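Q: with the sequence up front, the predicted model follows.
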Amino acid sequence: MPMPEKKGMRKPVTREDLDRSKMQVNKDQARYEVMKNDFESFRASREEDFKKNIKSIVSEEDMDAIELGGDPLKIYEIIKKYEQEYISDKIEEKREDLEAFEEQLHKNTALVEQLEIEAQFLEENPDLDFEGLIDLLESGLSPKEKQTLMEASGGDSMEFLKLAKERLGGAAKGDTGKEKEEDPMRLPTDLSFAAGETGDVDGGTEGQDDNEYLASIGLA
């Protein structure tokens, strides 16, 4: 499923969106298990094929060395060399696909877990200025200030958001009273969730990786 174009700041996550995202990640987890089983079956099949066709795969010279016997370690190394070449020749691409899928699945699973924390936080703080909070975390804090919040939260994402909210409240009290001008480039957009097949699971900003987006606001 193609992802919509990302624009500016996203809207806060809703439970409905989060549940849909979880469902898609679960589907991807099931697909990963199928892919893994298929990979192992294919590998086992190649190993059996090698055993059945070893005489046509191994060179005549090496086959003579195997049949004549001799150093068991050397014979083992000869056989394993041909076996690995025979197997990897066909399964390397499948292995790369599986590993790439697994890596993205892990990222999306972690991302959904963080978004669930966000959803819970928003439910507990219905009057929160979400756009103001994200703006503070993305650009209102220096790296040192953000690190201080992270250390104060003890690595707990929920506590981090609570501390950030307090910081936002303090910033609001120090406001000059001027109304903040609306930035047309930061209009909120709909949050788009797991696209399937370990696709994009949030509606982060344009050109920004999901995990980079969470990292920019201190949640990854």
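A: Ah, there it is.
Q: residue 126: what secondary structure?
A: The local conformation at residue 126, judged by DSSP: H, G, I helix; E, B strand; the rest coil, is coil.
Q: pLDDT below threshold where in the chain?
A: 1-10, 170-220 (pLDDT under 70).
Q: spatially central residue for it, please.
A: residue 107 (1.6 Å; C-alpha atoms, centre = their mean).
Q: that one and residue 117, how far apart?
A: Residue 107 sits at a distance of 16 Å from residue 117 (criterion: C-beta to C-beta, to the nearest Å). From N, CA and C alone the C-beta is placed, and that goes for glycine too.
Q: got it, and residue 130?
A: Counting by C-beta to C-beta, the separation of residue 130 from residue 117 is 14 Å.
Q: check residue 91 too.
A: Taken as C-beta to C-beta, the span from residue 91 to residue 117 is 39 Å.
Q: same deal with residue 19?
A: For residue 19, the distance to residue 117 - C-beta to C-beta - is 15 Å.
Q: and these two? Which one has more around it.
A: Between residue 19 and residue 117, residue 117 has the larger neighbour count (other C-beta atoms under 10 Å), namely 16 against 13.
Q: if I've got this straight, that one is in a helix?
A: Yes. Assessed with three-state DSSP, residue 117 lies in a helix.
Q: and it, how far from residue 125?
A: 12 Å.
Q: repeat for residue 96
A: From residue 96 over to residue 125 the distance is 44 Å, taken as C-beta to C-beta.
Q: repeat that for residue 106.
A: Here residue 106 is placed at a distance of 29 Å from residue 125 (C-beta to C-beta).
Q: show me how far the helix or strand encompassing residue 73 is from its chain's centre.
A: Taking DSSP states H and E as the criterion, residue 73 maps to helix 72-124. For helix 72-124, the separation from the chain centroid amounts to 12 Å (computed by C-alpha atoms, centre = their mean, to the nearest Å).
Q: stretch 119-129 now?
A: Average the C-alpha atoms of stretch 119-129, do the same for its chain, and the two points are 25 Å apart (C-alpha atoms, centre = their mean).
Q: residues in contact with it: which ones?
A: Contacting residues not belonging to stretch 119-129 are listed as 12, 13, 14, 15, 18, 130, 158, 161, 162, 165, 168, 172 [C-beta atoms under 8 Å, 6 or more residues apart in numbering].
Q: go on, stretch 40-53?
A: 57, 82, 83, 86, 87, 90, 91, 94.
Q: which parts of it are buried?
A: 43, 46, 50 (16 or more other C-beta atoms under 10 Å).
Q: just the ones in helices from those residues, please.
A: 43, 46, 50 (DSSP state H).
Q: show the contacting residues for the residue of the chain most remote from its centre.
A: Distance from the C-alpha centroid of the chain, by C-alpha atoms, centre = their mean, peaks at residue 68 (52.5 Å). Shown in contact with residue 68 (C-beta under 8 Å, 6+ apart): no residues.
Q: now residue 24: how far from residue 156?
A: 27 Å.
Q: residue 110 too?
A: 15 Å.
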